[in-house]
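**Student:** Structure of the sequence below:
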Amino acid sequence: MSVIIGAYEAMPYLVECLASVEAQTIDPGRMEVIAVDDGSTDGTGECLEEFAARVPIPVTVIRQENSGGPSGPRNVGLAKATGRYVFFLDADDRLGPEALERMVAMADRNGTDVVLGRVEGVNRTAPKSMWGQTLDRTDVFSSNIKFTLSAQKLFRRALLDRHGMRFDESLWTGEDAVFTLEAYLRADGVSVLADYTCYYLVGRDDGKHVTKTGGYALRFDSARALMKLIADMVPAGDRRDLLMVRPFLITLLPQFGPKFLTDAEEVRRHKFELAKPLMDAYWTPGVARRLKVHERLRLHLVAMQRADLLLDVVKFVKAKRQAAAVLEKRGTRLYLVYPHFRSPKAGIPDEMYLADAREARAFEGYREAAANSFPRRALRKIRRMLPRKGFGTAAA
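**Tutor:** Have a look, this model is predicted:
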């Protein structure tokens, strides 16, 4: 298998990263390392070359001019890879000792094309919702793997080669999300290894793991690319809506969070301009109903281009105030009273404030409309069709 490390100004974190590669329990003869130094000036290249000269693992070090982002080094490494599997390891992170052995074994055992190993954050947060249980075989529609689209996964190289998959070098952020989601969608099965920490996501003190250059516009580029991929690969309907939740919730919505309150008026207008074609093309009732009320309401106001109303909602959310609840239909319908609820002037549909069962259960007095469920209706219909036995019925 091939471990691909793209490195830029990675010292001193690279030392522990490489130590974690050297400590892998998989037979060194079954792996290769392809390390690409992307124009570093802090000794990263020299550290990689010293590692290559010392360890029993076959290591290829490539030194190149700075490409400006992680996509270039990853693509260079991928072009050189010869292993059945590839794993993209960031130079400031590290692997659990048994990570590669366990992930390769899982892919071999189940015939799956992508393996996700459990991730743990070190001085930074890591995704959590997909690690509830180990799954030998799943897909992007049946699990929460859509909420971890970083590149630090095990990929079957034949899958990537068959579809000519490479990282989009025109994207300065979110390039790994597009690559990984495409792999999920094209894969013959995905495995989730949840009972062993395979990857340690390390927070750098200098913050260089976070893309900052270019500001907010990069996030819209990322959202646009991911939404287009989903629309191109998944027909319109519930399955597409399910996947669209991810770019709307993770990439687009934060642009209309607390930071929006301090944005200059010109920036606010620009954000609305950037969001408009995305909302027009991809915002659907199916996406909306899968979100919490405050998420759905904010995105609805973005779609309606109502910055004036959005400001009031964002202020309310930032204050972390609990929205009052309005119960109707004998407690089976619950609305959350965020700003402009049932305001004739605002004209926002009630559905934007309607909590689904998961959100509504937290409120006293709410009861799920079980009486209106299909099984109950079917049972009532059967009972009406049965012959009735009443007083005065003659004996047979």
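**Student:** Go through stretch 79-93 and flag the buried ones.
**Tutor:** The neighbour-count check on stretch 79-93 (16 or more other CB atoms under 10 Å) flags A81, G83, Y85, V86, F87, F88, L89, D90, A91, D92, D93 as buried. For glycine as for every other residue, the C-beta is placed from the backbone atoms N, C-alpha and C.
**Student:** can you tell me which of these lies nearest to F155?
**Tutor:** V86 (5.3 Å; CB to CB).
**Student:** Now the closest one: closest residue in space that isn't a chain neighbour?
**Tutor:** S2 (4.7 Å; CB to CB, 6 or more residues apart in numbering).
**Student:** Across the sheet, point out what pairs with the one you found.
**Tutor:** Beta-bridge partners recorded for S2 (DSSP bridges): E32, V86.
**Student:** For it, which residues are in contact?
**Tutor:** M31, E32, V33, I34, G77, A81, T82, G83, Y85, V86, F87, R157 (CB atoms under 8 Å, 6 or more residues apart in numbering).
**Student:** which residues of this structure fall in strands?
**Tutor:** For the chain, the strands defined by DSSP state E cover 2-7, 32-38, 59-64, 85-90, 94-95, 114-122, 135-138, 154-156, 190-202, 324-328, 333-337.
**Student:** I'd like these written out as JSON lines, with mean pLDDT added.
**Tutor:** Listed next are those as JSON lines, based on pLDDT from 0 to 100:
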{"stretch": "strand 2-7", "mean pLDDT": "97"}
{"stretch": "strand 32-38", "mean pLDDT": "98"}
{"stretch": "strand 59-64", "mean pLDDT": "98"}
{"stretch": "strand 85-90", "mean pLDDT": "98"}
{"stretch": "strand 94-95", "mean pLDDT": "98"}
{"stretch": "strand 114-122", "mean pLDDT": "97"}
{"stretch": "strand 135-138", "mean pLDDT": "98"}
{"stretch": "strand 154-156", "mean pLDDT": "98"}
{"stretch": "strand 190-202", "mean pLDDT": "97"}
{"stretch": "strand 324-328", "mean pLDDT": "96"}
{"stretch": "strand 333-337", "mean pLDDT": "97"}
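**Student:** Can you check which of these gets nearest to P258?
**Tutor:** Of all the strands of the chain, strand 333-337 comes closest under CB to CB, at 19.0 Å.
**Student:** What distance do you get for the residue lying closest to V122 once chain neighbours are set aside to A231?
**Tutor:** Spatially, and ignoring its direct neighbours in sequence, V122 is nearest to V202 (4.7 Å; CB to CB, 6+ apart). Distance, V202 to A231, using CB to CB, to the nearest Å: 35 Å.
**Student:** next one: R156
**Tutor:** 25 Å.
**Student:** Pick out whichever of the two has more residues nearby.
**Tutor:** Higher neighbour count among R156 and A231: R156, with 23 against 15, using other CB atoms under 10 Å.
**Student:** Surely A91 is in contact with L14?
**Tutor:** Yes. Using CB atoms under 8 Å, A91 is in contact with L14, at 4.9 Å.
**Student:** list the residues that contact both of these two?
**Tutor:** Common neighbours of A91 and L14 (CB under 8 Å, 6+ apart) are A7, T44.
**Student:** Number of residues surrounding the residue nearest to K276 when sequence neighbours are not counted?
**Tutor:** Excluding the flanking residues, the one nearest K276 by CB to CB, 6+ apart is Q305, at 6.7 Å. By other CB under 10 Å, the residues close to Q305 number 14.
**Student:** In the contacts of S2, find the pair that's most separated.
**Tutor:** Counting by CB to CB, the most remote pair of these is V33 and R157, 14.9 Å apart.
**Student:** Show me which of the two is the more surrounded one.
**Tutor:** Under the criterion of other CB under 10 Å, the comparison of V33 against R157 puts V33 first, with 23 against 18.
**Student:** who's in contact with the spatially closest residue to that one that is not a sequence neighbour?
**Tutor:** In this structure, V33 finds its nearest non-sequential neighbour in V59, 4.4 Å apart by CB to CB, 6+ apart. For V59, the contact set (CB under 8 Å, 6+ apart) comprises E32, V33, I34, A35, L48, F51, A52.
**Student:** isn't the fourth one right next to A10, touching?
**Tutor:** What that stands for is A35. No. The pair A35 / A10 is not scored as a contact, 9.9 Å apart, by CB under 8 Å.
**Student:** shaky segments in this protein?
**Tutor:** Scanning the chain for pLDDT under 70 picks out 207-214, 370-396.
**Student:** Mark out where each domain of it begins and ends.
**Tutor:** With automatic domain parsing as the criterion, the domains of the chain are listed as 2-202, 217-372.
**Student:** The residue nearest to V33 and E182, how far apart?
**Tutor:** For V59, the distance to E182 - CB to CB - is 29 Å.
**Student:** Do I have it right that L135 meets S191?
**Tutor:** Yes. Using CB under 8 Å, L135 is in contact with S191, at 6.4 Å.
**Student:** Nice, that's everything, thank you.
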